[in-house]
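1. What would the 3D arrangement of this be:
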Amino acid sequence: MREKLNLKNLSKFLSITGFMLAAFSTYRIVKVRASLPPGVCPVDNQRGFLFLSIFLLLSSLALDLFLEKNKKL
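-> Numbers count the residues shown, from 1 in each chain. A predicted model of the protein is given here:
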């Protein structure tokens, strides 16, 4: 039981961290976009943060699905 609680907390942590990182990346993209000339992509500089946030959110989703599957068994 304790292991499931720890995994649930890990899933919540991954989810919150992923959302915060995505929000931070979006803020930085919007902030940088104002100072760039037309035709320059502001997302290129934030690509690592965006990929990391996607990975964290997908990991949280996979962990939740794994916990749900084990709960039903």
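
2. show me where the chain has helices.
-> 2-33, 47-72 (DSSP state H).

3. In a markdown table: those helices, plus mean neighbour count, mean pLDDT and distance to G39.
-> No exception for glycine: its C-beta is placed from N, CA and C like everyone else's. Shown next, in a markdown table, are the helices of the chain (neighbours: other C-beta atoms under 10 Å; pLDDT from 0 to 100; distance: least, C-beta to C-beta, whole Å):
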| stretch | mean neighbour count | mean pLDDT | distance to G39 |
| --- | --- | --- | --- |
| helix 2-33 | 14 | 91 | 12 |
| helix 47-72 | 13 | 91 | 18 |
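
4. Between these, which one is closest to V40.
-> Nearest of those to V40, taken as C-beta to C-beta: helix 2-33 at 8.8 Å.

5. Can you spell out which helices and strands pack onto that closest one?
-> Helix 2-33 sits against helix 47-72, with contacts defined as 3 or more C-beta pairs under 8 Å, 6 or more residues apart in numbering; DSSP states H and E.

6. okay, the angle between the helix it packs on and helix 2-33?
-> Put simply, helix 47-72 runs at 160 degrees to helix 2-33, going by axes from the mean of the first three to the mean of the last three C-alpha atoms, to 10 degrees.

7. Tell me which other helices or strands helix 47-72 touches.
-> Helix 47-72 is packed against helix 2-33, with contacts defined by 3+ C-beta pairs under 8 Å, 6+ apart.

8. mind checking how far the helix it packs on is from the chain centre?
-> Taking C-alpha atoms, centre = their mean, to the nearest Å, one finds helix 2-33 lying 5 Å from the centre of the chain it belongs to.

9. Sweet, I'm off.
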